[in-house]
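K.L.:
turn this into a model:
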Amino acid sequence: MNKTLESRFMPVLVLLLLAALVLVMGLWVMDHSARPQVASGGPQAVAGAPQYEWKLVTTWPKNFPGLGKGPETFAKYVEEASNGRIKIRVYGAGEIVPAFEVFDAVSQGTAEMGHGASYYWKGKLPASVFFTAVPFGLTAQEINAWFHYGGGLELWQELYAPFDLLPMAGGNSGVQMLGWFNREINSADDLKGLKMRIPGLAGEVFTRAGGTTVTLPGAEIYTSLQTGVVDAAEFVGPYNDLALGLHQVTENYYYPGFQEPGAALELIFHKPTFEALPADLQAILRVAARASNQDMLDDFTANNNRSLKELVDNHGVKLKRMPDEVFIALHQAYQEVVSELIAKDPMAAKIHASLEAFSDDVRPYHAISEQAYINMRQVVMDAAGK
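P.N.:
Sure, this is the predicted structure:
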């Protein structure tokens, strides 16, 4: 009797065991697939979470040292921090839109983001010049402090808001070189009639001092110097100027750069697209902007002197300091130009007042800290024969 029952129910028991095994395996697969998966080659988006693919257009050649590397670094930070939920493809100038059409492309939503310099848009927004650099103005350290702790960023956002744009600081070159000249400059009179590529408020200052300002994207500077379209040009500093090969067309390299003592770059977002993101992704974009802003300055600091040494030692570049007389004349011209600007543009006046107040606040301490330390360090290095 027992053997009969055993033989009768054995197939049922086997089927029940198999069903239980299938159920357990199914539950394990469901649990495993619901967990975030990260491949060894990089971040992957969390299953089921919305994914975003953005375009970032720039005013620089693709992967250009310093300036072009900045937006690439930003995109990398965002993808890693978001675990692949936002992937940003960076386009160089001309790949989707020309360099000087980045502002409009992002404003219209053609691209979700842009990277460039605010003073390129002064024809549309005269007050935008204050957010790149002011002649004889703030250093990189100081302008970042104004943006983030002095109300500068809020004013920048107010200026761009009517264009559906949200700006953030997106890098800094530090103090720039004054530029490349096809002849020596010994006095302020030597500026008269000189054609120079020099953008922003400094371009208007140069014109007021007797020169002729020419607006060109960076990629056109070499050819313009070579063909005589311009007699002089400033771009950034040794790191970028070496990459452009400007030493091949002229040898007189002047310093310091009165025009951009701390040239801030910008990341601009199509504001409606940015605000449609979940709060955590908005935070990731803001933090990545702050991180890449500092990273660019670090990059320039590490590479400028190496590049300058190569220019002077290996390519015969003549490094020269611009006479003080020239700077005094340029500063007088700056005071005239900025006074006229703020008299006719209320927003420019508002931004300039904030900038000047902040400068007055930080300059006295920097005189006895940064400036005093650098001067002291030079004294002891000279004494040590270094």
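
K.L.:
right, and residue 51 touches residue 84 too?
P.N.:
Yes: using CB atoms under 8 Å, residue 51 is in contact with residue 84, at 7.3 Å. Heads up, the C-betas are built off the backbone N, CA and C, glycines and all.

K.L.:
looking at those two, which is more packed in?
P.N.:
More neighbours surround residue 84 than the other of residue 51 and residue 84, with 20 against 12 (other CB atoms under 10 Å).

K.L.:
and the more buried one, which of the three is it?
P.N.:
coil (DSSP: H, G, I helix; E, B strand; the rest coil).

K.L.:
do you know how far it is from residue 165?
P.N.:
According to CB to CB, to the nearest Å, residue 84 and residue 165 sit 26 Å apart.

K.L.:
any chance you could map the helices in the protein?
P.N.:
Along the chain, counting by DSSP state H, helices occupy 2-34, 69-81, 102-107, 140-149, 152-160, 200-208, 221-227, 238-244, 271-275, 279-315, 324-344, 346-368, 370-383.

K.L.:
could you provide the ones you listed in JSON lines, with additional columns for mean neighbour count?
P.N.:
Below are the helices of the chain laid out as JSON lines (neighbours: other CB atoms under 10 Å):
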{"stretch": "helix 2-34", "mean neighbour count": "10"}
{"stretch": "helix 69-81", "mean neighbour count": "21"}
{"stretch": "helix 102-107", "mean neighbour count": "23"}
{"stretch": "helix 140-149", "mean neighbour count": "20"}
{"stretch": "helix 152-160", "mean neighbour count": "19"}
{"stretch": "helix 200-208", "mean neighbour count": "24"}
{"stretch": "helix 221-227", "mean neighbour count": "17"}
{"stretch": "helix 238-244", "mean neighbour count": "23"}
{"stretch": "helix 271-275", "mean neighbour count": "15"}
{"stretch": "helix 279-315", "mean neighbour count": "17"}
{"stretch": "helix 324-344", "mean neighbour count": "16"}
{"stretch": "helix 346-368", "mean neighbour count": "15"}
{"stretch": "helix 370-383", "mean neighbour count": "10"}
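
K.L.:
reformat the ones you listed as TSV; add mean pLDDT.
P.N.:
Formatted as TSV, those follow (pLDDT from 0 to 100):
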stretch	mean pLDDT
helix 2-34	45
helix 69-81	98
helix 102-107	98
helix 140-149	98
helix 152-160	98
helix 200-208	95
helix 221-227	97
helix 238-244	96
helix 271-275	98
helix 279-315	98
helix 324-344	98
helix 346-368	97
helix 370-383	97
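
K.L.:
make JSON lines from those and add distance to residue 170 to it.
P.N.:
Formatted as JSON lines, these follow (distance: least, CB to CB, whole Å):
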{"stretch": "helix 2-34", "distance to residue 170": "37"}
{"stretch": "helix 69-81", "distance to residue 170": "6"}
{"stretch": "helix 102-107", "distance to residue 170": "12"}
{"stretch": "helix 140-149", "distance to residue 170": "11"}
{"stretch": "helix 152-160", "distance to residue 170": "12"}
{"stretch": "helix 200-208", "distance to residue 170": "16"}
{"stretch": "helix 221-227", "distance to residue 170": "22"}
{"stretch": "helix 238-244", "distance to residue 170": "16"}
{"stretch": "helix 271-275", "distance to residue 170": "14"}
{"stretch": "helix 279-315", "distance to residue 170": "6"}
{"stretch": "helix 324-344", "distance to residue 170": "24"}
{"stretch": "helix 346-368", "distance to residue 170": "18"}
{"stretch": "helix 370-383", "distance to residue 170": "24"}
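
K.L.:
and those helices: which comes nearest residue 114?
P.N.:
The minimum distance between residue 114 and the helices of the chain falls on helix 102-107, with 4.2 Å, by CB to CB.

K.L.:
who are the packing partners of the closest one?
P.N.:
On a contact count with 3 or more CB pairs under 8 Å, 6 or more residues apart in numbering; DSSP states H and E, helix 102-107 meets strand 52-58, strand 113-116, strand 165-172, strand 264-270.
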